[in-house]
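S.K.: quick one, what's the 3D model for this:
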Amino acid sequence: MSAQTYDERGSAWLEFSGVVLLAVGFFRIISAITYFANSRKFDDLTNGLFSSHTWGWGLWDLLIAAVAILAGFSLFTGGGFGRVVAYIWAVLVIVQGFTIINISPWYGALSIAVAGLVIYGVASTPKAAGS
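M.R.: Numbering: from 1, shown residues only. Next up is the predicted model:
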């Protein structure tokens, strides 16, 4: 059993960022299942990207889920892919948070705060020398 120092082990903030990305991925899988089941629990999608074709929305959610889960695992192993995806995801969530803050203030503010913590977690942790 070897003793690991704080710098070798990584940061809890980086692990937090990875857990957030994994949670996003798993919730998007649940959302995709809802779309594939042709559930009536969502709003009218006729003006959206895939119109009312719920299979398209389900595939889109599965794609986002796959990228988020891969990025989360990449962050756990110190990979650069996870860092890039975490930054992109967090910036998009912050932009979305500001666009909906007048409609849903608590959700908008909370999403901005969580995305800010993800950026802090990725930015405050130095990249490992071996990756």
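S.K.: now do the contacts for the residue positioned nearest the centre of the chain.
M.R.: A centroid search over the chain (Cα atoms, centre = their mean) returns residue 21, at 3.8 Å, as the residue closest to the centre. Applying Cβ atoms under 8 Å, 6 or more residues apart in numbering, we find residue 21 in contact with 68-69, 71-72, 75, 82, 85-86, 89, 118. In this view, the C-beta of every residue, glycine as well, is placed from N, C-alpha and C.
S.K.: from residue 56, how far off is the closest residue to it other than its chain neighbours?
M.R.: Leaving out its chain neighbours, the residue that sits closest to residue 21 by Cβ to Cβ, 6 or more residues apart in numbering is residue 72, at 3.7 Å. Distance from residue 72 to residue 56, counting by Cβ to Cβ, to the nearest Å: 25 Å.
S.K.: these two: who's more crowded?
M.R.: residue 72 (23 against 15; other Cβ atoms under 10 Å).
S.K.: I figured the more buried one was touching residue 28, is that so?
M.R.: No: taking Cβ atoms under 8 Å as the definition, residue 72 is not a contact partner of residue 28, at 11.9 Å.
S.K.: which helix or strand contains residue 111?
M.R.: Using DSSP states H and E, residue 111 sits in helix 105-124.
S.K.: please consider this matter closed, and thank you.
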